[in-house]
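# This is a predicted model, with the sequence first.
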Amino acid sequence: MTPLIVLSATSKGPEFGLSGLDLPLTLAAGESFTFRVTFTPQTSGPADGSISIVSEAPEETLTIQLAGTGRATGQLQVTPAAIDFENASMRSNGTQKSQLTASGGSVTVSSATISSENFRLGGLSLPFTIPAGRSVPFTITFLPREGRSSSAILSFASDAKNSPTQQEVTVRRVDPIQHKVQLSWKASTSKHLAGYNVYRGTRSGGPYKKINGVLDPNTRFTDLTVTAGKKYYYVATAVNSKKRESHYSKQIQVVIP
């Protein structure tokens, strides 16, 4: 059997194309060759076309009928485009509602990412498809973590024209203003010193309450449990190795802004 020479190949229909053919092509008896036919719909709905292959075979032209259905590519919109949690506290979480809407065609959302651990996406099970003209709700929860960013970008990857679709999430202030009182005193001259106790009261002259959990060997102490706008009175005592405690030191007054 003689080899077959393929002279040309053309496609009809603007949606269809050919690739992978280097013509002219010689095929030995029983040999095959694989090429690709591409379908790129320009409108939604059915589309027809054909491929014509010309060779030196007795039947010179081979015609292959093509058919496909185009689907409109939709757009994905996230509403609102930006979320502001305003003045949030490190001690409490907050949740805001949003939604995704498909327009111009259905949209399949494959993944979602958020750029900060301060926020969590909820209410969605990925992947999912939104029909054209429909919306899917979801939530964003603020999960404050000290020292982390107070803003983030939420990004949805999909088959939409405008993928990835993004939403900005911000918090104006993560932390309320924190106050602390730093105390220091002169060291005791006792040879049998074991440590110090620190006391605090809300009235001048007492009564006082001890605020250090264990005996403190240092001459410095930081009180982190104060409240803005309040007035406090502090005294300290020295304790020896026999657990005998000295009289209160001179009182100092501290006003928290």
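That came through, no problem. Residues are numbered from 1 along each chain as shown.
# Mind pulling the model confidence for the closest residue in space to Ala28 that isn't next to it in sequence?
Once flanking residues are discounted, Ala28 sits nearest to Pro3: 5.2 Å by C-beta to C-beta, 6 or more residues apart in numbering. For every residue, glycine as well, the C-beta is placed using N, CA and C. Reading off the per-residue confidence, Pro3 sits at a pLDDT of 86.
# Can we start the residue count at 35 from this point?
Shifting the count to begin at 35 puts that one at Pro37.
# Tell me how many other residues crowd Val203.
Val203 has 23 neighbouring residues, counting by other C-beta atoms under 10 Å.
# give me every residue that touches it.
Contact analysis of Val203 by C-beta atoms under 8 Å, 6 or more residues apart in numbering lists Ala116, Ile117, Phe119, Ile148, Ser150, Phe153, Ile174, Ser185, Ala186, Ile187, Leu188.
# Only the buried subset of the residues you listed, as a PyMOL command please.
Applied in PyMOL, the following selects the buried portion of these according to 16 or more other C-beta atoms under 10 Å:
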select buried, resi 117+119+148+150+153+174+185+186+188
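# which among the contacts of Val203 gets closest to Leu100?
Nearest to Leu100 among the contacts of Val203: Leu188, at 41.4 Å, using C-beta to C-beta.
# and Gln287, what helix or strand is that in?
Assessed by DSSP states H and E, Gln287 sits inside strand 286-289.
# Please identify the pairing partners of that strand and their relative orientation?
With DSSP bridges as the criterion, the sheet partners recorded for strand 286-289 are strand 265-274 (antiparallel).
# What segments of the stretch 85-234 of the chain are strands?
Listed in chain order, the strands of the stretch 85-234 of the chain (DSSP state E, counting those that start in this stretch) span 95-104, 109-113, 116-118, 128-137, 141-148, 153-156, 162-164, 169-176, 185-192, 199-204, 215-218, 227-235.
# Using CSV, write out every CA atom in the last one.
Which is strand 227-235. Coordinates of each C-alpha in strand 227-235 appear next as CSV, following Å, rounded to 0.1, in the frame of the first residue of the first chain:
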residue,chain,number,x,y,z
LEU,A,227,15.0,40.0,102.8
ALA,A,228,12.8,37.5,101.0
GLY,A,229,10.8,39.9,98.7
TYR,A,230,8.1,42.5,98.5
ASN,A,231,4.3,42.8,98.3
VAL,A,232,2.4,45.5,96.5
TYR,A,233,-1.0,46.8,97.6
ARG,A,234,-3.6,49.0,95.9
GLY,A,235,-6.6,50.8,97.1
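# Could you pull up the mean pLDDT of the next helix or strand after that strand?
Past strand 227-235, further along toward the C-terminus, the next helix or strand under DSSP H and E is strand 243-244. Model confidence over strand 243-244 averages 94 on the pLDDT scale.
# Please apply the same query to stretch 52-63.
For stretch 52-63, mean pLDDT rounds to 89.
# List the buried residues in it.
Leu59.
# Ok, stretch 63-78 next?
Neighbour counts using 16+ other C-beta under 10 Å place Pro75 of stretch 63-78 among the buried residues.
# next one: that stretch to chain centre, how far?
With C-alpha atoms, centre = their mean, to the nearest Å as the basis, stretch 63-78 stands 41 Å off its chain's centre.
# Straight-line length of that stretch, end to end?
Its first and final residues considered, stretch 63-78 spans 42 Å by C-alpha to C-alpha, to the nearest Å.
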